[in-house]
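Participant: Prediction below, plus the sequence it came from.
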Amino acid sequence: MTEQLVKRVVIAGGGTAGWLAAAALSRQLGQLLDIVLVESEEIGTVGVGEATIPTMRSFHAILGLDEREFMRATKASFKLGISFENWARDGDRYIHSFGEIGKSTWMGAFHHFWLQARADGIDGDIGDYCLELRAADAEKFATGENAPVNYAYHLDAGLYAKFLRARSEADGLHRIEGKIAQVERDPQSGDIAALVLQSGERVEGDLFIDCTGFRGLLIEETLAAGYDDWSHWLPTNSALAMQTESTRPAVPYTRAIAHDAGWRWQIPLQHRVGNGLVYCSDFLSDDAARDRLLQAVDGKPVTEPRLIRYRTGRRRKVWDRNCIALSLASGFVEPLESTSIHLVMIALTRLMQVFPFAGINPATASRFNDQARQDLEGVRDFIILHYHLNQRPEPFWQRCREMTIPDTLAERIALFREAAHAYQAGEDLFRVDSWVQVMLGQRLQPQGHHHLARILGRERLGQALADIKRNHDRTLAAMPQHQRFLDAHMAG
Ligand code: FAD
């Protein structure tokens, strides 16, 4: 354990990660700590990261954010899930929604009932029994007691950082504009002692939070924490991002549309649409990717396509000495399930729970590292699932289908294939319903299922399923279109 008390926290970088750290720490622990943030407008931010998952709402509650204020400031829209198009085969479509499907029992999840119904010749998609999925499909949305949906947001990343900055500064955070030219280490302990800016200013601290993006200026370029490369499992390495004008009412879901060497996203906001093309440069040149994106987008471009390169993998230690890396500095798995901002939030929540006021303790750092590893490996496996279970003919997809996958994922696929079992263990992010929606959506057909539904018999099973559908029909009928609800919510 280091003897030094931790009083002064220095956040390096002011992208989404840096400003989330600033907002959370200054709101929750500002009375106990001095917190500064250093960022360089000249370097700028990665400028993407606009789709989220429902956990964001809990974190916003920790920050004490008002939903309307946040949505107005970031031009946000509501999100009920992700529409996967052309993934297993061209022409396929399924929605991975945030909702609960049907009603599960302690013995078996709802999909076992649905599989039995299908075996008994009762018609219907599994998505028919999920309110969020049906609302997404119908482009409807509402919140409140009469529409108990689980939802997240699409937001403007630049505006979100600005919003969090205003919030943090109001809570007493001190921001320093400048380029970090050097990271100074204590000659005795080897810990980070200060950031030296190009202007010559020294910014000293006890704990440093590295939010400098992919380069990891502190965690990697200074402390050499190491990186596990996962590109053999997730071979995309490039993204082109561009913004366009909206051409239609905003849909309450992200679109993820597969193409021959990756996929394309579409994220509708209040004032524009975020678009991007994710690809593997071994299979598609940058020029061809650019042409493809420009041809695929609907609206008039607001920005030119901007190229972002990345290497999928994880930092071996995200907490090393007196430095903690967040988001892109801590590792990266492509944004197919919109998980990066969530991972920042969960890491910050844990940091606040174990904050090392009395000095940095190796056991605390070690557990934090273990949790971060498990989080990212869980996301990694879930993303690989989308790529691996495909029946597309192109060489990129063939490679994904034939690659050796992590044992942890191979076991999950075998469990589902054999007997339709899926599980959410410990601190796993993805729910049983998430695994089920994606496995079925990627055309993995279970060979068996639990027979508990046979106790009901065909008729009662059919009635039970029809009841669920009827309840959802009633709720859906009363829900307005998403765009109408959004307009009213923003005006209210
Ligand atoms: P950055 O935004 O890169 O910020 C780095 C900061 O460090 C900047 O302020 C920069 O100025 C500063 N900095 C760097 N070097 C110096 C220096 N020498 N001196 C001073 N300052 C410095 N996440 C999601 O949750 N949902 C999504 O839909 C999603 N989509 C994504 C799409 C793509 C293509 C990519 C690449 C990522 C996506 N992400 C998504 C991840 C998301 O973008 C990041 O989690 C988020 O933006 C946080 O980034 P960051 O703050 O770590 O880095």
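Facilitator: Arrived safely, thanks for sending.
Participant: quick one, what contacts the residue in the stretch 151-300 of the chain positioned nearest to the ligand?
Facilitator: Proximity to the ligand, evaluated over the stretch 151-300 of the chain using Cβ to the nearest ligand atom, is greatest for Gly213 at 2.9 Å. (Each C-beta comes from the backbone N, C-alpha and C, glycine too.) By Cβ atoms under 8 Å, 6 or more residues apart in numbering, the residues touching Gly213 are 13, 15, 45-46, 327-329.
Participant: Which two among those residues are spaced furthest apart?
Facilitator: For these, the maximum inter-member distance is 12.4 Å, found between Thr45 and Ala329 (Cβ to Cβ).
Participant: Comparing the two, which shows the higher neighbour count?
Facilitator: Ala329 (30 against 22; other Cβ atoms under 10 Å).
Participant: Skipping its backbone neighbours, what lies nearest that one in space?
Facilitator: Nearest residue to Ala329 in three dimensions, chain neighbours excluded: Gly216, at 4.1 Å (Cβ to Cβ, 6 or more residues apart in numbering).
Participant: and what of Val36?
Facilitator: The shortest distance from Val36 to any non-neighbouring residue, by Cβ to Cβ, 6+ apart, is to His174 (4.6 Å).
Participant: OK, contacts around the one you found?
Facilitator: 34-37.
Participant: ok, which stretches of the stretch 201-350 of the chain are strands?
Facilitator: Applying DSSP state E, counting those that start in this stretch to the stretch 201-350 of the chain gives strands spanning 202-204, 207-210, 227-229, 238-244, 254-259, 262-268, 273-279, 306-309, 313-315, 319-320, 323-325, 331-332.
Participant: Can I get those in JSON lines including distance to the ligand and mean pLDDT?
Facilitator: As requested, these are exported to JSON lines (distance: least, Cβ to the nearest ligand atom, whole Å; pLDDT from 0 to 100):
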{"stretch": "strand 202-204", "distance to the ligand": "10", "mean pLDDT": "98"}
{"stretch": "strand 207-210", "distance to the ligand": "9", "mean pLDDT": "98"}
{"stretch": "strand 227-229", "distance to the ligand": "15", "mean pLDDT": "98"}
{"stretch": "strand 238-244", "distance to the ligand": "3", "mean pLDDT": "98"}
{"stretch": "strand 254-259", "distance to the ligand": "7", "mean pLDDT": "98"}
{"stretch": "strand 262-268", "distance to the ligand": "7", "mean pLDDT": "98"}
{"stretch": "strand 273-279", "distance to the ligand": "6", "mean pLDDT": "98"}
{"stretch": "strand 306-309", "distance to the ligand": "5", "mean pLDDT": "98"}
{"stretch": "strand 313-315", "distance to the ligand": "12", "mean pLDDT": "98"}
{"stretch": "strand 319-320", "distance to the ligand": "16", "mean pLDDT": "98"}
{"stretch": "strand 323-325", "distance to the ligand": "9", "mean pLDDT": "98"}
{"stretch": "strand 331-332", "distance to the ligand": "7", "mean pLDDT": "97"}
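Participant: between those strands, which one is nearest to Ser97?
Facilitator: Comparing the strands of the stretch 201-350 of the chain under Cβ to Cβ, the one sitting nearest is strand 254-259, at 11.2 Å.
Participant: Partner strands of the closest one, with direction?
Facilitator: Sheet partners assigned to strand 254-259 using DSSP bridges are listed as strand 81-85 (parallel), strand 262-268 (antiparallel).
Participant: could you dump the ones you listed to TSV with mean neighbour count?
Facilitator: Shown next, in TSV, are the strands paired with strand 254-259 (neighbours: other Cβ atoms under 10 Å):
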stretch	mean neighbour count
strand 81-85	23
strand 262-268	24
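Participant: Next, format these as TSV and append distance to Glu132.
Facilitator: Output for the strands paired with strand 254-259, formatted as TSV (distance: least, Cβ to Cβ, whole Å):
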stretch	distance to Glu132
strand 81-85	6
strand 262-268	17
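Participant: Quick check: helices, which of the contacts of His174 are part of them?
Facilitator: Of those, none are assigned to helices by DSSP state H.
Participant: what's the spacing between Ile43 and the ligand?
Facilitator: 4 Å (Cβ to the nearest ligand atom, to the nearest Å).
Participant: can you check Asn150 too?
Facilitator: 17 Å.
Participant: mind listing what that residue touches?
Facilitator: 54, 80, 98-100, 132.
Participant: for those, which one is nearest Gln270?
Facilitator: Leu80 (16.5 Å).
Participant: Quick check on that closest one: phi, psi?
Facilitator: Backbone torsions of Leu80, given as degrees, to the nearest 10, read phi -110, psi -10.
Participant: Any stretches of the protein with poor pLDDT?
Facilitator: The model of the chain has pLDDT under 70 over residues 1-3.
Participant: what about the longest helix in it?
Facilitator: Under DSSP H, the chain gives helix 362-388 as its longest helix.
Participant: is the ligand contacted by that helix?
Facilitator: No: remark: helix 362-388 sits outside contact range of the ligand, by Cβ under 6 Å from any ligand atom, the gap being at least 10.4 Å.
Participant: and the spatially most central residue of the chain, what is it in contact with?
Facilitator: For the chain, the residue nearest the mean C-alpha position is Thr339 (1.4 Å; Cα atoms, centre = their mean). Thr339 is in contact with 53, 333, 379, 429, counting by Cβ under 8 Å, 6+ apart.
Participant: Next: Glu427.
Facilitator: Here Glu427 is in contact with 371, 374-375 (Cβ under 8 Å, 6+ apart).
Participant: just the strands in the stretch 351-492 of the chain please.
Facilitator: Under DSSP E, counting those that start in this stretch, the stretch 351-492 of the chain gives no strands.
Participant: ok, whichever residue of it sits closest to the ligand to Leu385 distance?
Facilitator: Proximity of the stretch 351-492 of the chain to the ligand (Cβ to the nearest ligand atom) peaks at Val379, 10.4 Å away. Applying Cβ to Cβ, to the nearest Å, one obtains 11 Å for the distance of Val379 from Leu385.
Participant: Ok, Tyr279 next?
Facilitator: 19 Å.
Participant: same deal with Leu461?
Facilitator: Relative to Leu385, and taking Cβ to Cβ, Leu461 is found at 29 Å.
Participant: Would you mind telling me which of these two has the busier surroundings?
Facilitator: Leu385 (23 against 19).
Participant: near the ligand, which residues of the chain?
Facilitator: Residues of the chain lying near the ligand (Cβ under 6 Å from any ligand atom): 13-18, 38-40, 43-46, 48-52, 157, 179-180, 211-213, 217, 239, 241, 276, 308, 310, 327-329, 335, 338-341.
Participant: so where do the strands sit in the stretch 1-150 of the chain?
Facilitator: Using DSSP E, counting those that start in this stretch, strands in the stretch 1-150 of the chain cover 8-12, 34-39, 77-79, 81-85, 93-97.
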